[in-house]
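>>> Provide a 3D model corresponding to the input given below.
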Amino acid sequence: MNQLLGDKNTYKVVRVDPTTKLQKKNNSIVNELYKGKHINYREKQQLASSAATAPRLYGLPKIHKPECPLRPISSSINVPCYELSIYLGKILTPLISEDYNIKNSFDLQNRLADVNVCNDDVKRSFWAGDGEVAILDLWEERAADLRSSRKNGHIYKEMANELAKLGYNYTARDIQVKIANFTQRYRKERVEMGPSGGSPSIWPFYARVNQIIGGFKANRFCELMLESIDESSTASSVPTTPSPQLTSTPSTPQPWSNPPSPLPGSSAIEPKKKKNIVSVHTKVMEKFEAVSVEITNYMKKSEENENKFMKIEEEKANALKETAQDNKEPKKAFVAINP
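You can find the predicted model right below:
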C-alpha cells in the first residue's frame, strides 16, 4: 500500500484533515432540509454527523495477475456524508431503469445469454492492408458492371462472397463504403495535384485507383474544362478568309484544256491542334480574378448599406430622446400650474 500511495500523480498529501469541515457542511445541508420541512426531526437526527472519520484505504490482491498487485479500495463507512448518501440513494433508486443498468457481472452474463449478434450488426473499424489490395483487384474486375447498372446491390454481395473465399469477412455494405472512400480520396488527391500533375501524390493507392476510375469523365472534370476553354480559344484565333466571288462566262469546253487549278485561299484551313496551356491557365485566372473583384465590390456595398442602416438607427434613437424630453416639459408645466 505504501508503494501505491507513493504515486504523486494519483495521490496528494494534505496538511490539514478536512473531515471536520466536511462534517459542518453536511450538518448545514441537513438543517436547511429540516427548515424547509423536507425532512422530519427524526430524519434530521439520523442524517446529522457528530463523530465522523476520514475514509479508510485498503487493498485487495489481484490473484489472476502476476505478483498479485493490490486493488485500492476506499471505505466510506462513517464519513461525514455517509448517512446522507444512503438517504439520497433510496430516493434515486426507483428512478433508475433496470434496462440500462446491471447489478453485477452475473446479471450481465444472464442478460447476454440469449443475445445473438448478426454479422451485419458488427461495425468494422479498420481494413487490413491486404484486404484493401484484394478489394482493389475485385473493383477493377467489376468496375464496368458497377457503372452499367443502377441497382448494383447484388454486385457488392458477389464481391463480398469473393472476398470471403479469400478469407476476408466483409459485408456488401462495407465494400460499398470502402469503394466510396477510395473514390473520394482519389478525387481529393487529383484536385491537389492540379490538371498538369505537378505535385505527385503520396497516397499509396493513387496509381491503382487511377488505373480503375481515372478515365471516367466524372473524375476528369477539371481537365475537360480546360480543354474546352483551349479549343474555344483556338477556334476563335483562326482567321477566316473570305472566298473570292468570280463572275464566269459560259464557254465551250475544249478537249485539250487542262482542268482548272484550285484558287488560292479556297482550301480548308485546319485548326491548330497544339494547345497553349499557359494561355488557358491565364484565362482561367482572369475569370477567377473577375469573380473575386465582384465579391469585393459586393462586400463593400454591404458595408456601406450597414453603415447607412446604423446612421438611420442612431437618428431614430435621437428622435425618440427628443420626443421624450418634449413630453416631459408639458408635464412639468402642468404640475407647475396645478400644484
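
>>> Let me see the ranges of the helices in the stretch 101-250 of the chain.
Counting by DSSP state H, counting those that start in this stretch, the stretch 101-250 of the chain has helices at residues 105-112, 129-148, 153-165, 172-193, 206-213, 221-237.

>>> Reformat these into a markdown table and put mean neighbour count next to each item.
Bear in mind the C-beta positions are built from the backbone N, C-alpha and C, glycine included. Listed next are the helices of the stretch 101-250 of the chain as a markdown table, based on neighbours: other Cβ atoms under 10 Å:
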| stretch | mean neighbour count |
| --- | --- |
| helix 105-112 | 10 |
| helix 129-148 | 15 |
| helix 153-165 | 15 |
| helix 172-193 | 16 |
| helix 206-213 | 17 |
| helix 221-237 | 13 |
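
>>> Switch these over to a markdown table; also include distance to residue 20 and mean pLDDT.
As requested, the helices of the stretch 101-250 of the chain are exported to a markdown table (distance: least, Cβ to Cβ, whole Å; pLDDT from 0 to 100):
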| stretch | distance to residue 20 | mean pLDDT |
| --- | --- | --- |
| helix 105-112 | 39 | 85 |
| helix 129-148 | 62 | 81 |
| helix 153-165 | 68 | 86 |
| helix 172-193 | 61 | 84 |
| helix 206-213 | 69 | 84 |
| helix 221-237 | 75 | 48 |
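
>>> of all the ones you listed, which lies closest to residue 1?
Ranking the helices of the stretch 101-250 of the chain by distance to residue 1, with Cβ to Cβ as the measure, places helix 105-112 first at 25.8 Å.

>>> Residue 1 versus the residue nearest to residue 5 when sequence neighbours are not counted, what's the distance?
Leaving aside its sequence neighbours, residue 5 sits nearest to residue 11 (Cβ to Cβ, 6 or more residues apart in numbering; 5.4 Å). Separation of residue 11 from residue 1 (Cβ to Cβ, to the nearest Å) stands at 11 Å.

>>> what bits of the stretch 1-150 of the chain have low per-residue confidence?
The stretch 1-150 of the chain contains residues with pLDDT under 70 at 117-129, 149-150.

>>> follow-up on the earlier one: columns distance to residue 36 on top of the helices of the stretch 101-250 of the chain, output as a markdown table?
What follows is those, written out as a markdown table (distance: least, Cβ to Cβ, whole Å):
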| stretch | distance to residue 36 |
| --- | --- |
| helix 105-112 | 38 |
| helix 129-148 | 65 |
| helix 153-165 | 64 |
| helix 172-193 | 57 |
| helix 206-213 | 70 |
| helix 221-237 | 71 |
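
>>> Which segments of the protein make up each domain?
Domain assignment of the chain by automatic domain parsing yields the ranges 2-99, 128-219.

>>> Output the ones you listed in a markdown table, with distance to residue 290 appended to each entry.
A markdown table is the format used below for the domains of the chain (distance: least, Cβ to Cβ, whole Å):
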| stretch | distance to residue 290 |
| --- | --- |
| domain 2-99 | 61 |
| domain 128-219 | 20 |
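
>>> quick one: which of those domains is nearest residue 326?
Among the domains of the chain, the nearest to residue 326 by Cβ to Cβ is domain 2-99 (53.2 Å).

>>> tell me how far the ends of that closest one are from each other?
41 Å (Cα to Cα, to the nearest Å).

>>> Tell me which stretches of the chain form strands.
56-61, 70-75 (DSSP state E).

>>> partner strands of the first one, parallel or antiparallel?
Think strand 56-61. According to DSSP bridges, strand 56-61 forms sheet pairs with strand 70-75 (antiparallel).

>>> Only C-alpha atoms, please: export the partner strand in PDB.
C-alpha atoms of strand 70-75 as PDB (Å, rounded to 0.1, in the frame of the first residue of the first chain):
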ATOM      1  CA  LEU A  70      -3.300  -4.700  -4.900                       C
ATOM      2  CA  ARG A  71      -6.500  -3.100  -6.000                       C
ATOM      3  CA  PRO A  72      -7.000   0.000  -3.800                       C
ATOM      4  CA  ILE A  73     -10.500   0.200  -2.100                       C
ATOM      5  CA  SER A  74     -11.700   3.300  -0.300                       C
ATOM      6  CA  SER A  75     -14.100   2.600   2.600                       C
END
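
>>> Would you mind listing the buried residues in that strand?
For strand 70-75, the neighbour count (16 or more other Cβ atoms under 10 Å) marks no residue as buried.
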